[in-house]
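>>> All I have is the shape, not the residue letters:
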(Lines give C-alpha, C1' and ligand atoms only; values in the text may rest on other atoms or scores of the structure.)
Protein backbone atom coordinates (compact mmCIF):
# COMPACT_ATOMS: atom_id res chain seq x y z
CA UNK A 1 0.00 0.00 0.00
CA UNK A 2 1.31 3.46 -0.75
CA UNK A 3 0.29 6.79 0.74
CA UNK A 4 1.01 10.44 0.20
CA UNK A 5 2.42 11.95 3.38
CA UNK A 6 5.21 14.30 4.35
CA UNK A 7 5.06 13.58 8.06
CA UNK A 8 8.57 12.95 9.43
CA UNK A 9 9.26 9.24 9.80
CA UNK A 10 6.62 8.15 7.31
CA UNK A 11 7.80 5.96 4.45
CA UNK A 12 5.69 7.75 1.92
CA UNK A 13 5.33 6.53 -1.65
CA UNK A 14 3.56 7.82 -4.70
CA UNK A 15 2.56 6.37 -8.00
CA UNK A 16 3.38 8.03 -11.28
CA UNK A 17 0.47 9.32 -13.29
CA UNK A 18 0.50 9.51 -17.04
CA UNK A 19 0.49 12.92 -18.63
CA UNK A 20 2.53 14.96 -16.21
CA UNK A 21 4.24 15.57 -12.92
CA UNK A 22 2.02 15.50 -9.82
CA UNK A 23 3.65 18.57 -8.31
CA UNK A 24 3.44 20.64 -11.49
CA UNK A 25 -0.20 19.79 -12.11
CA UNK A 26 -1.23 20.19 -8.47
CA UNK A 27 0.66 23.45 -8.04
CA UNK A 28 -0.98 24.85 -11.17
CA UNK A 29 -4.45 24.01 -9.81
CA UNK A 30 -3.68 25.44 -6.37
CA UNK A 31 -2.32 28.79 -7.57
CA UNK A 32 -5.23 29.19 -10.00
CA UNK A 33 -7.82 28.50 -7.29
CA UNK A 34 -6.16 30.78 -4.73
CA UNK A 35 -5.34 33.50 -7.27
CA UNK A 36 -1.62 33.48 -6.48
CA UNK A 37 1.36 33.07 -8.76
CA UNK A 38 4.52 32.17 -6.86
CA UNK A 39 5.95 29.47 -4.63
CA UNK A 40 6.65 32.11 -1.98
CA UNK A 41 2.96 33.04 -1.81
CA UNK A 42 2.01 29.40 -1.40
CA UNK A 43 4.65 28.96 1.30
CA UNK A 44 3.12 31.88 3.20
CA UNK A 45 -0.35 30.34 2.93
CA UNK A 46 0.89 26.95 4.11
CA UNK A 47 3.13 28.54 6.78
CA UNK A 48 6.14 26.59 5.57
CA UNK A 49 9.55 27.52 4.19
CA UNK A 50 9.92 28.07 0.48
CA UNK A 51 12.61 25.39 0.54
CA UNK A 52 9.90 22.87 1.49
CA UNK A 53 8.09 23.71 -1.73
CA UNK A 54 11.31 23.41 -3.69
CA UNK A 55 11.86 19.98 -2.14
CA UNK A 56 8.32 18.85 -3.03
CA UNK A 57 8.91 20.07 -6.59
CA UNK A 58 12.16 18.10 -6.77
CA UNK A 59 10.36 14.94 -5.60
CA UNK A 60 7.41 15.63 -7.90
CA UNK A 61 4.75 15.28 -5.17
CA UNK A 62 2.09 17.30 -3.37
CA UNK A 63 2.41 16.29 0.32
CA UNK A 64 -0.79 15.12 1.97
CA UNK A 65 -0.44 17.73 4.73
CA UNK A 66 -0.71 20.48 2.12
CA UNK A 67 -4.00 19.09 0.87
CA UNK A 68 -5.35 18.87 4.41
CA UNK A 69 -4.27 22.41 5.27
CA UNK A 70 -5.71 23.81 2.03
CA UNK A 71 -9.00 22.09 2.77
CA UNK A 72 -9.07 23.45 6.33
CA UNK A 73 -8.17 26.99 5.27
CA UNK A 74 -9.80 27.34 1.86
CA UNK A 75 -12.06 24.27 1.41
CA UNK A 76 -9.99 23.13 -1.59
CA UNK A 77 -11.05 19.65 -2.65
CA UNK A 78 -8.08 17.23 -2.25
CA UNK A 79 -9.36 15.14 -5.16
CA UNK A 80 -9.29 18.26 -7.33
CA UNK A 81 -5.78 19.18 -6.16
CA UNK A 82 -4.42 15.73 -7.02
CA UNK A 83 -6.57 14.57 -9.90
CA UNK A 84 -8.38 17.65 -11.24
CA UNK A 85 -11.78 16.17 -10.38
CA UNK A 86 -14.52 18.73 -9.60
CA UNK A 87 -15.67 20.48 -7.57
CA UNK A 88 -12.73 22.77 -6.85
CA UNK A 89 -14.09 23.60 -3.39
CA UNK A 90 -15.86 21.35 -0.89
CA UNK A 91 -18.33 22.03 1.85
CA UNK A 92 -17.59 20.38 5.20
CA UNK A 93 -20.70 18.25 4.76
CA UNK A 94 -18.95 16.48 1.87
CA UNK A 95 -16.27 15.11 4.21
CA UNK A 96 -16.95 11.76 5.86
CA UNK A 97 -15.58 11.76 9.42
CA UNK A 98 -15.03 8.00 9.35
CA UNK A 99 -16.90 7.42 12.59
CA UNK A 100 -15.68 10.54 14.38
CA UNK A 101 -18.45 12.66 15.84
CA UNK A 102 -18.59 16.37 15.17
CA UNK A 103 -20.88 19.12 16.39
CA UNK A 104 -19.35 21.59 13.95
CA UNK A 105 -19.00 21.55 10.20
CA UNK A 106 -15.41 22.75 10.68
CA UNK A 107 -14.41 19.96 13.06
CA UNK A 108 -10.95 19.64 11.51
CA UNK A 109 -10.03 23.08 12.81
CA UNK A 110 -10.02 21.85 16.42
CA UNK A 111 -6.95 19.71 15.81
CA UNK A 112 -3.63 21.50 16.50
CA UNK A 113 -1.14 22.23 13.77
CA UNK A 114 1.02 19.23 12.96
CA UNK A 115 -1.24 16.72 14.70
CA UNK A 116 -2.85 15.29 11.55
CA UNK A 117 -1.39 13.25 8.72
CA UNK A 118 -3.34 13.20 5.46
CA UNK A 119 -2.72 10.04 3.48
CA UNK A 120 -4.23 8.40 0.44
CA UNK A 121 -5.10 4.72 0.11
CA UNK A 122 -3.78 3.02 -3.01
CA UNK A 123 -5.12 -0.49 -2.53
CA UNK A 124 -8.36 -2.24 -1.59
CA UNK A 125 -7.22 -3.77 1.71
CA UNK A 126 -9.89 -1.92 3.72
CA UNK A 127 -12.75 -2.19 1.24
CA UNK A 128 -15.69 -1.95 1.47
CA UNK A 129 -15.25 0.33 4.52
CA UNK A 130 -12.47 2.50 3.03
CA UNK A 131 -12.36 2.55 -0.74
CA UNK A 132 -9.25 2.52 -2.90
CA UNK A 133 -7.97 6.09 -3.51
CA UNK A 134 -9.82 7.46 -0.47
CA UNK A 135 -8.11 10.17 1.58
CA UNK A 136 -7.66 9.27 5.25
CA UNK A 137 -6.82 11.63 8.13
CA UNK A 138 -4.82 10.18 11.03
CA UNK A 139 -4.75 12.00 14.37
CA UNK A 140 -1.16 11.47 15.49
CA UNK A 141 -1.78 12.53 19.09
CA UNK A 142 -4.22 9.70 19.79
CA UNK A 143 -2.33 6.40 19.90
CA UNK A 144 -4.72 4.65 22.28
CA UNK A 145 -5.86 1.38 20.77
CA UNK A 146 -9.66 1.38 20.50
CA UNK A 147 -10.99 -2.11 19.73
CA UNK A 148 -12.54 -2.25 16.27
CA UNK A 149 -11.67 1.35 15.33
CA UNK A 150 -9.57 2.37 12.32
CA UNK A 151 -5.93 3.09 13.14
CA UNK A 152 -2.97 4.21 11.08
CA UNK A 153 -0.19 1.66 11.50
CA UNK A 154 3.36 1.23 10.32
CA UNK A 155 3.49 -2.53 9.87
CA UNK A 156 6.66 -4.53 9.24
CA UNK A 157 6.98 -5.53 5.56
CA UNK A 158 3.85 -3.51 4.64
CA UNK A 159 4.74 0.03 5.68
CA UNK A 160 2.03 2.56 6.49
CA UNK A 161 -1.49 1.21 6.29
CA UNK A 162 -4.91 1.38 7.93
CA UNK A 163 -6.22 -1.52 9.99
CA UNK A 164 -8.62 -2.41 12.78
CA UNK A 165 -7.13 -3.55 16.09
CA UNK A 166 -8.62 -6.13 18.46
CA UNK A 167 -6.89 -6.76 21.79
CA UNK A 168 -6.43 -10.20 23.33
CA UNK A 169 -5.01 -9.36 26.74
CA UNK A 170 -5.12 -12.97 27.89
CA UNK A 171 -2.51 -13.90 25.32
CA UNK A 172 -0.82 -10.49 25.27
CA UNK A 173 -1.42 -10.11 21.55
CA UNK A 174 -3.08 -7.55 19.29
CA UNK A 175 -5.01 -8.86 16.30
CA UNK A 176 -4.51 -6.54 13.33
CA UNK A 177 -7.22 -6.97 10.70
CA UNK A 178 -8.09 -5.63 7.27
CA UNK A 179 -11.73 -5.41 6.22
CA UNK A 180 -10.94 -7.14 2.93
CA UNK A 181 -11.21 -10.85 3.79
CA UNK A 182 -8.43 -11.72 1.35
CA UNK A 183 -5.89 -9.95 3.61
CA UNK A 184 -4.66 -12.28 6.39
CA UNK A 185 -4.92 -11.18 10.00
CA UNK A 186 -1.68 -10.45 11.84
CA UNK A 187 -0.88 -11.15 15.49
CA UNK A 188 1.44 -8.61 17.10
CA UNK A 189 2.69 -8.63 20.73
CA UNK A 190 1.04 -5.83 22.69
CA UNK A 191 4.39 -4.46 23.84
CA UNK A 192 5.35 -3.83 20.20
CA UNK A 193 2.18 -1.97 19.29
CA UNK A 194 3.28 1.36 20.77
CA UNK A 195 5.96 1.59 18.08
CA UNK A 196 3.56 0.53 15.32
CA UNK A 197 0.44 2.61 16.00
CA UNK A 198 0.69 6.05 14.35
CA UNK A 199 -2.71 7.33 15.46
CA UNK A 200 -6.45 7.02 15.08
CA UNK A 201 -8.30 7.66 11.82
CA UNK A 202 -10.62 10.63 12.35
CA UNK A 203 -11.88 11.33 8.81
CA UNK A 204 -12.25 9.63 5.48
CA UNK A 205 -12.91 11.25 2.13
CA UNK A 206 -14.10 8.62 -0.33
CA UNK A 207 -13.40 8.92 -4.08
CA UNK A 208 -16.27 9.86 -6.34
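Yes, it's here. In this text, all values refer to a predicted model and were calculated from it rather than measured experimentally.
>>> quick one: low-confidence parts of this protein?
1-20, 91-110, 207-208 (pLDDT under 70).
>>> Return the distance of residue 68 relative to residue 156.
Separation of residue 68 from residue 156 (Cβ to Cβ, to the nearest Å): 27 Å. Heads up, the C-betas are built off the backbone N, CA and C, glycines and all.
>>> show me where this protein has strands.
116-120, 135-139, 150-155, 159-168, 173-177, 186-189, 197-205 (DSSP state E).
>>> And residue 68 and residue 156? Which one has more around it.
Neighbour count, other Cβ atoms under 10 Å: between residue 68 and residue 156, residue 68 has more, with 22 against 10.
>>> ok, the more buried one - contacts?
Applying Cβ atoms under 8 Å, 6 or more residues apart in numbering, one finds that residue 68 lies in contact with 78, 108, 116, 118, 137.
>>> Could you point out which of those is nearest to residue 202?
Distance to residue 202 across the contacts of residue 68 (Cβ to Cβ) is lowest for residue 137, with 5.4 Å.
>>> Neighbours of the residue nearest to that closest one when sequence neighbours are not counted, how many?
Nearest non-adjacent residue to residue 137, counting by Cβ to Cβ, 6 or more residues apart in numbering: residue 203, 4.2 Å away. By other Cβ under 10 Å, the residues close to residue 203 number 23.
>>> For residue 192, see how far away the residue in the chain sticking out farthest from the centre is.
Largest separation from the mean C-alpha position in the chain: residue 170, at 33.2 Å (Cα atoms, centre = their mean). Distance, residue 170 to residue 192, by Cβ to Cβ: 17 Å.
>>> Repeat that for residue 90.
Residue 90 is 38 Å from residue 192, where distance means Cβ to Cβ.
>>> out of those two, which sits in the more crowded spot?
Remark: of residue 90 and residue 192, residue 90 carries more neighbours, 17 against 12, as counted by other Cβ under 10 Å.
>>> Is the more buried one in contact with residue 75, as I believe?
Yes: using Cβ atoms under 8 Å, residue 90 is in contact with residue 75, at 5.4 Å.
>>> Now residue 76. Nearest residue, chain neighbours left out?
residue 70 is the one closest to residue 76 (Cβ to Cβ, 6+ apart), at 4.1 Å.
>>> sorry, back to before: filter the contacts of residue 68 down to the buried ones, PyMOL style.
Buried residues among the contacts of residue 68 (16 or more other Cβ atoms under 10 Å), as a PyMOL selection:
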select buried, resi 78+108+116+118+137
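>>> And the helices in this structure, which stretches?
Per DSSP state H, the chain carries helices over the ranges 22-34, 39-46, 50-59, 64-74, 78-83, 190-193.
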